[in-house]
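S.K.: kindly generate the corresponding structure for this input.
(one chain, ligands or ions: 3)
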Amino acid sequence: MKLNDLGFDEWFEEHSARFLREDGGIARVSAVDRGSYLIRNEAGEVQAELAGKLYHQIENPADLPCVGDWVAAQYYDNDASAVIHGVFPRKTFLRRRTAGENVDFQMIAANIDAAFIIQSCHFDFNPRRLDRYLVMAADGGVEPIVMLTKTDLITRDELEQKLAIVGSAAKARVIALSSITGSGFDELRQTLCPGKTYCLLGSSGVGKTTLINRLMGEEAFDTKPVSGTGEGTHTTSRRQLIVLDQGAMLIDTPGMRELGLAGADDGIDAGFADLAGLSAQCRYADCRHEHEPGCAVRAAVESGELSEDRYLSYIKLRKESDFYGMSYLDKRRKDRAFGRFIKSVKKHMKD
Ligand SMILES: Nc1nc2c(ncn2[C@@H]2O[C@H](COP(=O)(O)OP(=O)(O)OP(=O)(O)O)[C@@H](O)[C@H]2O)c(=O)[nH]1
Ligand SMILES: [Mg+2]
Ligand SMILES: [Zn+2]
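M.R.: Ligands and ions are numbered 1, 2, ... in the order given. Have a look, this model is predicted:
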């Protein structure tokens, strides 16, 4: 197998020079499991660790190698183990926001040609969530392909209705399929190009791993039944890149509990108990602590009881939370408005 078969091209070649050492090689991260890595090169897969120097240089967790990344590696023990000492720039990526006082990103996968945004026709179907995944793909420059699974569990009419909803919500290709009957798999196979990388995204239980097993023609990876209401049991626990016989690469991912911070307001409030106490004294029960009259939170900032930094970081986090619940256009609009808001608050606080 050549590196090109794994997706390596001139773009990465141009960007790799400064990472390479004479005695090192190039490999692609094929699995990540809590700080330990599998990397894939011309010869096969090798267990790898991060070089201490690289680890210390990395300031942001999102810069750590993730599945799909191209890395510079040095081999030891007759090529049985490796150390990663550089991560090449990413051509495309999939990432999501993580909760925490310092809002940050968690990488899902890098250098992805297309994302399969997967929802099950049965229980899981949710246009709003679909929209958030579309935002995620657009954000990282990845082509989205919507996939509706488990078509065997609904009627033709129900499927037509769902396809119409997806068609009006997304300008993406849509593939409907069943891993039980195999319907839709011809179309899926035609979509998969050798040397290209596809990442499977979606809630637990929608059938991501089942679909991969069916494409491989064997029960290569674990799958588990869903509950009576369609909830999955979080069967897949790590992200990993699989190379199909026909040459396309698939990245299986653990089902996501939630996207970004949407719905995470409870978590935010728990991290800002002092603010929650103050907000009980605001004039309006639904006070957003921005421009509302009689706001106890802003009064506390003005009197110095609550630090301005803490206030701004709360507002920022909550905005980010709301942010991911919005459509792409709303998001762009709000982004600009929010920048202006922060500026006006800072100015106001100074004078
Ligand atoms: N009826 C039907 N069941 C399916 C289909 N695809 C998958 N399933 C079932 O759905 C359940 C969950 O499938 P998985 O492949 O484990 O789901 P997953 O998306 O990988 O879930 P996580 O690994 O938890 O993220 C299993 O019991 C599968 O047999 C399908 O097309 N039709
Ligand atoms: Mg799975
Ligand atoms: Zn208030």
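S.K.: for residue 286, grab phi and psi.
M.R.: Per-residue torsions, residue 286: phi -100, psi 30 (degrees, to the nearest 10).
S.K.: should've said residue 31
M.R.: The phi/psi pair for residue 31 (degrees, to the nearest 10) reads phi -160, psi 150.
S.K.: can you tell me how far it is from residue 287?
M.R.: For residue 31, the distance to residue 287 equals 47 Å [C-beta to C-beta, to the nearest Å]. (Each C-beta comes from the backbone N, C-alpha and C, glycine too.)
S.K.: next one: residue 3
M.R.: With the distance defined as C-beta to C-beta, residue 3 ends up 57 Å from residue 287.
S.K.: now do the strands in the stretch 151-300 of the chain.
M.R.: Under the criterion DSSP state E, counting those that start in this stretch, the stretch 151-300 of the chain contains strands at 173-176, 197-201, 239-243, 249-252.
S.K.: between these, which gets nearest to residue 66?
M.R.: Residue 66 sits nearest to strand 239-243 of all these, at 7.4 Å, using C-beta to C-beta.
S.K.: each with direction, which strands does that closest one pair with?
M.R.: Within its sheet, strand 239-243 is paired with strand 25-33 (antiparallel), strand 249-252 (antiparallel), according to DSSP bridges.
S.K.: buried set for it?
M.R.: Within strand 239-243, the residues scored as buried using 16 or more other C-beta atoms under 10 Å are 239-243.
S.K.: kindly report the same for stretch 8-19.
M.R.: For stretch 8-19, using 16+ other C-beta under 10 Å, the buried residues are 8, 12, 16, 19.
S.K.: near ligand 1, which residues of the protein? Just list them.
M.R.: Contact residues (C-beta under 6 Å from any ligand atom) of the chain with ligand 1: 149-150, 152-153, 178-180, 204-210, 223-226, 232, 234-236, 254-255.
S.K.: before we move on, back to that, JSON lines for the buried residues of strand 239-243, including pLDDT and distance to ligand 2?
M.R.: Below are the buried residues of strand 239-243 laid out as JSON lines (pLDDT from 0 to 100; distance: C-beta to the ion, whole Å):
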{"residue": "239", "pLDDT": "89", "distance to ligand 2": "11"}
{"residue": "240", "pLDDT": "93", "distance to ligand 2": "10"}
{"residue": "241", "pLDDT": "97", "distance to ligand 2": "14"}
{"residue": "242", "pLDDT": "96", "distance to ligand 2": "12"}
{"residue": "243", "pLDDT": "96", "distance to ligand 2": "18"}
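S.K.: just to revisit the earlier point, which of the strands paired with strand 239-243 has the lowest average pLDDT?
M.R.: Note on those: strand 25-33 shows the lowest mean pLDDT, a mean of 94.
S.K.: what does the helix or strand just after that strand rub up against?
M.R.: Past strand 25-33, further along toward the C-terminus, the next helix or strand under DSSP states H and E is strand 36-40. Residues outside strand 36-40 that contact it (C-beta atoms under 8 Å, 6 or more residues apart in numbering): 6, 27-32, 45-50, 65, 71, 73, 82, 84, 240-241, 243.
S.K.: what's the most buried one of the strands of the stretch 151-300 of the chain?
M.R.: Stretch with highest mean neighbour count among the strands of the stretch 151-300 of the chain: strand 197-201 (a mean of 26; mean count of other C-beta atoms under 10 Å).
S.K.: contacts only, for the residue lying closest to residue 211 once chain neighbours are set aside.
M.R.: Among residues not flanking residue 211 along the chain, residue 179 sits closest, at 5.2 Å (C-beta to C-beta, 6 or more residues apart in numbering). Neighbouring residues of residue 179 by C-beta under 8 Å, 6+ apart: 149-150, 207, 210-211, 213-214.
S.K.: can you tell me how far residue 179 sits from ligand 2?
M.R.: 12 Å (C-beta to the ion, to the nearest Å).
S.K.: so what's that residue scoring on pLDDT?
M.R.: With respect to pLDDT, residue 179 scores 97.
S.K.: can you check residue 100 too?
M.R.: pLDDT, residue 100: 52.
S.K.: check the one 3 residues further on too.
M.R.: With respect to pLDDT, residue 103 scores 52.
S.K.: out of the strands of the stretch 151-300 of the chain, which is closest to residue 278?
M.R.: Residue 278 lies closest to strand 197-201 among these, at 38.7 Å (C-beta to C-beta).
S.K.: for the stretch 1-150 of the chain, what spans make up the strands?
M.R.: Counting by DSSP E, counting those that start in this stretch, the segments of the stretch 1-150 of the chain that form strands are 25-33, 36-40, 45-50, 70-76, 81-87, 93-98, 104-110, 114-120, 143-149.
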